[in-house]
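In: sequence-free structure coming up:
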């Protein structure tokens with residue numbers, strides 16, 4: 001395992017070296033100096049900057065050029081750069097300041113060399129620790145992204161499984177109804193067949209996209225409801241209240257359909273006189289709210305652990321985290337309302353076109 005990763009020198013590296021030198025200059029002044037003045041600190045600051053830059057800049061250049069593979073050679077290279085940088089940095093700092101360490105003109109005092117080496121190792125290994133910490137964070141982030149990617153793939157597989165479970169059953173029942181209507185009511189049978197064809201064509205296109213326009217999803221739901229309206233007759237009616245200006249918002253597929261199916265299957269079909277389904281959508285405080293309400297059997301149809309509703313919750317969490325939700329509210333005297341909330345706004349602009 002490498003002590004540190006190689007990279008080209010950047011302005012950020014120079015700023016980090018200067019910042020570390022500034023802090024270490026303060027520490028050395030507090031440890032070695034009896035007086036605490038700006039002049040004394042400035043002398044320490046010049047020394048620390050010269051030594052820090054003479055160590056840090058060549059270390060990055062030379063390491064990136066030779067790129068030793070083994071940690072031992074990395075350590076040797078770093079140590080060499082620290083010693084050479086400490087000596088050269090001390091030599092450069094000598095004529096720039098009249099610090100007490102510089103007592104012999106033209107010579108580099110041993111005290112300055114010792115402090116320079118200590119300073120160099122502190123800065124260098126501080127950067128090694130920092131780089132390993134950053135690498136660890138990036139690795140953890142990559143692992144998280146991979147995990148989220150796998151979760152989304154699993155949810156897509158669950159979505160296809162849900163469609164495989166829903167559509168054959170729905171298709172079988174609808175085709176049976178069409179066959180029975182061919183003899184008794186040809187006009188209704190033809191209308192149901194047209195609706196079924198349109199629904200299957202639309203759902204096939206929609207299911208292959210990660211997001212669909214709200215308008216397209218609503219159109220598919222209308223054909224779906226029209227089929228059931230022919231099947232159930234006067235026992236089913238529906239209404240849709242969605243402002244025109246939000247129809248272009250993008251939403252995940254198969255979010256509304258399972259809720260409508262749930263309302264029909266558990267709410268209206270078991271009820272002798274049927275009822276009404278009402279779809280509503282609006283945007284408020286950067287949240288898109290979609291409501292599917294019915295006047296059916298009410299609390300008896302609530303099934304948060306069902307395949308359809310469970311799949312919706314998982315997909316919303318994978319796509320939006322805790323910012324999206326699906327929950328239910330009772331309607332008095334009879335009925336149930338399913339409410340989906342999805343974030344929408346400047347921070348979620350990829351959901352609109």
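Out: It's in. This one's a predicted model, so the numbers in the text were calculated from it and none came from an experiment.
In: which residues of this structure fall in helices?
Out: 11-32, 38-66, 71-93, 110-184, 186-207, 214-232, 257-262, 307-320 (DSSP state H).
In: wait, which of those helices is closest to residue 337?
Out: Nearest of those to residue 337, taken as CB to CB: helix 257-262 at 9.8 Å. For glycine as for every other residue, the C-beta is placed from the backbone atoms N, C-alpha and C.
In: the closest one - contacts with which helices or strands?
Out: Packing partners of helix 257-262 (3 or more CB pairs under 8 Å, 6 or more residues apart in numbering; DSSP states H and E): helix 110-184, helix 214-232, helix 307-320, strand 336-343.
In: number of residues surrounding residue 37?
Out: Counted with other CB atoms under 10 Å, the neighbours of residue 37 add up to 10.
In: roughly how far does it sit from residue 45?
Out: Look at residue 37 and residue 45: by CB to CB, to the nearest Å, they are 12 Å apart.
In: tell me the spacing between residue 76 and residue 70.
Out: Residue 76 is 9 Å from residue 70, by CB to CB.
In: what's the answer for residue 187, then?
Out: Residue 187 sits 83 Å away from residue 70, going by CB to CB.
In: and the two? Which one has more around it.
Out: Neighbours were counted for residue 187 and for residue 70 using other CB under 10 Å; residue 70 has more, 11 against 8.
In: picking up where we left off before, mean neighbour count, the helices of the chain: which tops it?
Out: Counting by mean count of other CB atoms under 10 Å, helix 257-262 has the highest mean neighbour count of the helices of the chain, with a mean of 22.
In: just give me how far that helix sits from the chain centre.
Out: 28 Å (CA atoms, centre = their mean, to the nearest Å).
In: avg pLDDT for it?
Out: If you average the pLDDT over helix 257-262, you get 89.
In: and if you look at stretch 332-340?
Out: If you average the pLDDT values across stretch 332-340, you get 90.
In: likewise for stretch 233-240?
Out: 93.
In: in it, what counts as buried?
Out: 235-236, 238 (16 or more other CB atoms under 10 Å).
In: what's the closest of these to residue 268?
Out: Using CB to CB, those come closest to residue 268 at residue 236, 6.1 Å.
In: for the closest one, what are its contacts?
Out: Residue 236 makes contact with 225, 228-229, 264, 268, 274-277 under the criterion CB atoms under 8 Å, 6 or more residues apart in numbering.
In: pairing-wise in the sheet, spell out the partners of it.
Out: residue 275 (DSSP bridges).
In: any idea how far it is from residue 210?
Out: According to CB to CB, residue 236 stands 32 Å off from residue 210.
In: got it, and residue 252?
Out: Taken as CB to CB, the span from residue 252 to residue 210 is 7 Å.
In: for residue 175, same thing?
Out: Distance of residue 175 to residue 210, computed by CB to CB: 30 Å.
In: one step back: neighbour count: residue 252 and residue 210, which is higher?
Out: residue 252 (23 against 10).
In: surely residue 317 touches residue 326?
Out: No - applying CB atoms under 8 Å as the test, residue 317 and residue 326 come out as separate, 9.6 Å apart.
In: who touches both of these two?
Out: Among the neighbours of residue 317, none is also in contact with residue 326 (CB under 8 Å, 6+ apart).
In: where does the prediction get shaky in the stretch 1-150 of the chain?
Out: Applying pLDDT under 70 to the stretch 1-150 of the chain flags residues 1-7, 28, 31-35, 69, 94, 96-128, 130-132, 148, 150.
In: what's the separation between residue 312 and residue 82?
Out: Following CB to CB, the distance that separates residue 312 from residue 82 is 59 Å.
In: which residues does the closest residue to residue 84 other than its chain neighbours contact?
Out: Leaving aside its sequence neighbours, residue 84 sits nearest to residue 58 (CB to CB, 6 or more residues apart in numbering; 7.4 Å). The contact partners of residue 58, taken as CB under 8 Å, 6+ apart, are 81, 84-85.
In: wait, which of those residues is closest to residue 298?
Out: The closest of the contacts of residue 58, once distances to residue 298 are taken by CB to CB, is residue 81, at 75.7 Å.
In: quick one, what contacts the closest one?
Out: 55, 58-59, 62-63, 124.
In: switch to 6 Å and redo it
Out: 58-59 (CB atoms under 6 Å, 6 or more residues apart in numbering).
In: look up how far residue 273 lies from it.
Out: 87 Å.
In: now residue 182
Out: 28 Å.
In: and residue 180, by the same measure?
Out: For residue 180, the distance to residue 273 - CB to CB - is 22 Å.
In: do residue 208 as well
Out: 39 Å.
In: closest to residue 49 among the contacts of residue 58?
Out: residue 85 (12.2 Å).
In: skipping adjacent residues, who's closest to the closest one in space?
Out: Residue 85's closest residue in space is residue 55 (CB to CB, 6+ apart), at 3.2 Å.
In: quick one: low-confidence residue ranges for the stretch 251-353 of the chain.
Out: 299-307, 345-353.
In: and if we set it to 90?
Out: 252-255, 257-258, 261-262, 265-267, 269-274, 285, 296-322, 330-335, 344-353 (pLDDT under 90).
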